[in-house]
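**Student:** how does the following fold in three dimensions:
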Amino acid sequence: MRRGNDFFRKHQYKIAAVCVLAAVLGITGAYMYTGSGFVEEAPQQQVAEKDTEEVQKATQKATAKQEEKPDKKAEKAKEEKQETAKVSAVIPPQKKIADVKNDAVQTEEPKEQPKQPETVETANMEPAVSTELHFSADTGLLWPVSGSVILDYSMDQTVYFATLDQYKYNPAVIISGNVNDQVKAAANGKITDISNNEVTGTTVTMDLGDGYTAIYGQLKEVPYEPGAYLEAGNSLGFVSEPTKYYSLEGSNLYFAMEKDGAPIDPVEFFQ
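**Tutor:** Numbering: from 1, shown residues only. Predicted structure coming up:
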């Protein structure tokens with residue numbers, strides 16, 4: 001026993017040192033174990049926190065959408081309510097759809113009628129009412145234009161045409177006139193034809209009745225159509241520029257008469 005005590009005394013410092021070393025190693029091992037566990041757990045904790053944040057964001061978005069939808073529905077319902085109120089204010093509820101359509105038709109403004117072109121001396125341009133036509137020597141003719149005869153009617157012998165530089169028969173009288181002089185109907189009649197030809201230009205043919213026909217040439221701005229009835233003195237148009245067949249004779253009115261299709265001298269009927 002004493003020997004054991006002596007051994008303990010001799011080696012007590014060594015034993016103490018070994019214990020201290022063991023304690024240090026134990027503490028160090030425990031710290032290292034705990035530290036390695038903290039390092040390994042840190043990433044897992046960060047992932048968990050990130051997942052939690054994403055879940056919270058998704059929840060917030062879903063909540064926002066659910067809140068927006070009722071708002072949009074409420075706004076749409078409000079707008080429909082306002083439109084219904086406007087329609088109700090304009091159309092009384094007791095009126096039927098047919099009544100509303102009838103009101104719209106009645107309140108529609110009438111369309112403007114196209115304006116008729118203005119004419120010179122409208123009192124003298126109104127066509128006569130359709131009636132049976134009669135003409136005789138006693139009825140006579142009005143001078144269709146103010147002017148002098150520059151080429152006489154001649155069917156029994158030829159007369160000289162200066163522009164053509166030749167003698168030829170003349171089935172009409174050529175009456176001088178200025179361009180734009182008014183031409184009047186020489187007698188009551190019905191227009192049967194309005195045509196253009198290179199000799200007499202715009203030419204109007206009128207039925208005077210009883211087989212008599214009047215022909216007016218070298219005209220312009222004739223305001224009628226075939227079928228129109230005119231009284232003596234009504235405006236028939238205006239004197240035009242002469243055609244190339246009458247350039248030397250100057251502006252004029254070509255006026256001819258026929259009886260049953262044969263030419264006759266109109267001068268005999270002028271009053």
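**Student:** hang on, Ala214 in a strand?
**Tutor:** Yes - membership of Ala214 in a strand is supported by DSSP: H, G, I helix; E, B strand; the rest coil.
**Student:** check contacts around it.
**Tutor:** With C-beta atoms under 8 Å, 6 or more residues apart in numbering as the criterion, the residues that contact Ala214 are 141, 186-187, 189, 205-206, 208, 255-257, 266. Where you see a C-beta, it was placed from the backbone N, CA and C, and this is true even at glycine.
**Student:** please name the nearest non-neighbouring residue to it.
**Tutor:** Distances taken as C-beta to C-beta, 6 or more residues apart in numbering put Met206 closest to Ala214, at 4.8 Å, once the chain neighbours are dropped.
**Student:** pLDDT below threshold where in the protein?
**Tutor:** Under the criterion pLDDT under 70, the flagged ranges of the chain are 1-13, 15, 18, 24, 27-56, 58-59, 61-78, 81-131.
**Student:** quick check: domain ranges of it?
**Tutor:** Domain assignment of the chain by automatic domain parsing yields the ranges 1-81, 127-269.
**Student:** is Val20 located within a strand, as I assumed?
**Tutor:** No - following the definition three-state DSSP, Val20 is helix and is not counted among the residues of a strand.
**Student:** state the distance from it to Leu253.
**Tutor:** In this view, Val20 and Leu253 are 154 Å apart by C-beta to C-beta, to the nearest Å.
**Student:** what does Ile191 give?
**Tutor:** Distance of Ile191 to Leu253, computed by C-beta to C-beta: 16 Å.
**Student:** before we move on, what about Ala214?
**Tutor:** Ala214 is 12 Å from Leu253, by C-beta to C-beta.
**Student:** anything in contact with each of these two?
**Tutor:** Common contacts of Ala214 and Leu253, defined by C-beta under 8 Å, 6+ apart, are absent altogether.
**Student:** on that earlier part again, and the residue nearest to Ala214, helix, strand or coil?
**Tutor:** Secondary structure of Met206, per three-state DSSP, is strand.
**Student:** quick check, it in contact with Ala185.
**Tutor:** Yes - taking C-beta atoms under 8 Å as the definition, Met206 is a contact partner of Ala185 at 7.1 Å.
**Student:** the nearest residue to Ala162 once chain neighbours are set aside - how many residues pack around it?
**Tutor:** Once its chain neighbours are removed from consideration, Ala162 has its nearest residue in Leu248; the separation is 4.3 Å (C-beta to C-beta, 6+ apart). Using other C-beta atoms under 10 Å as the criterion, Leu248 is surrounded by 11 other residues.
**Student:** also Val267?
**Tutor:** Applying other C-beta under 10 Å, we find 14 other residues in the vicinity of Val267.
**Student:** hmm, Val149 and it touching each other?
**Tutor:** Yes - assessed by C-beta under 8 Å, Val267 is found in contact with Val149 at 7.2 Å.
**Student:** which residue ranges form the helices in this structure?
**Tutor:** Counting by DSSP state H, one finds helices in the chain at the ranges 2-90, 97-107.
**Student:** all set, thanks.
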